[in-house]
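S.K.: The sequence and its predicted three-dimensional model are supplied below.
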Amino acid sequence: MNNLQKSAFTLVIQPGEKIENRVYIIVNYLAKTYLESQWLITEIDATGLLGNRLTSILNNQENTTISSSDFLQLLQEEGQILDLEATLVKSYQEIITIFIRDGYSVDILGVTELLPVNVLNNCIQVDANLFDTQETEISEPKINVVYQKIA
């Protein structure tokens, strides 16, 4: 097994730039790179048709999973994502987590290879230890909700 190394980046969002467009580029790249993967959503506060539906689901349960195509659809809809914690999971292994806070801050935490520069675009590397939680090993999968089609 390869020695996993964490990486963390904060996207630099330009005035007038829509964060959903920046996140779309990253999710689209990951969807093409990690086929047959899914996104574990553990936190969301969003507007729009799909955003409201996911927000409502997470108000009643701890997490849910969606496909990359559903995630891409969420990022393209009219509305805004105010808060989000979404982790790309393949074969019970966490690949990358995307955090959106307060509708303007986007952090990317990775446990595998770095994303290409053209995918991340303008960003600042930050200390990955800032994102450490009490769970330090990925021994038990966090996914406890069956895949749900939201569209």
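M.R.: Cool, got the structure. Numbers count the residues shown, from 1 in each chain.
S.K.: For this protein, just list every one of the strands.
M.R.: For the chain, applying DSSP state E gives strands covering 7-11, 38-46, 64-67, 81-90, 93-101, 105-110, 123-126.
S.K.: Same list (those strands) but as JSON lines, adding mean neighbour count and distance to Q73.
M.R.: For the C-beta atoms, the positions are set from N, CA and C on the backbone; glycine is no exception. Shown next, in JSON lines, are these (neighbours: other CB atoms under 10 Å; distance: least, CB to CB, whole Å):
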{"stretch": "strand 7-11", "mean neighbour count": "18", "distance to Q73": "21"}
{"stretch": "strand 38-46", "mean neighbour count": "20", "distance to Q73": "12"}
{"stretch": "strand 64-67", "mean neighbour count": "21", "distance to Q73": "9"}
{"stretch": "strand 81-90", "mean neighbour count": "21", "distance to Q73": "13"}
{"stretch": "strand 93-101", "mean neighbour count": "19", "distance to Q73": "16"}
{"stretch": "strand 105-110", "mean neighbour count": "20", "distance to Q73": "19"}
{"stretch": "strand 123-126", "mean neighbour count": "14", "distance to Q73": "24"}
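S.K.: any chance of these in CSV, plus mean pLDDT and distance to N52?
M.R.: Converted to CSV, these look like this (pLDDT from 0 to 100; distance: least, CB to CB, whole Å):
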stretch, mean pLDDT, distance to N52
strand 7-11, 91, 25
strand 38-46, 96, 7
strand 64-67, 96, 14
strand 81-90, 95, 11
strand 93-101, 93, 16
strand 105-110, 93, 21
strand 123-126, 86, 29
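S.K.: TSV please, covering those strands and showing distance to K18.
M.R.: Rendered in TSV, the data for those read as follows (distance: least, CB to CB, whole Å):
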stretch	distance to K18
strand 7-11	12
strand 38-46	13
strand 64-67	20
strand 81-90	10
strand 93-101	12
strand 105-110	11
strand 123-126	16
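S.K.: So in this structure, which helix runs the longest?
M.R.: Identified as the longest helix of the chain according to DSSP state H is helix 19-33.
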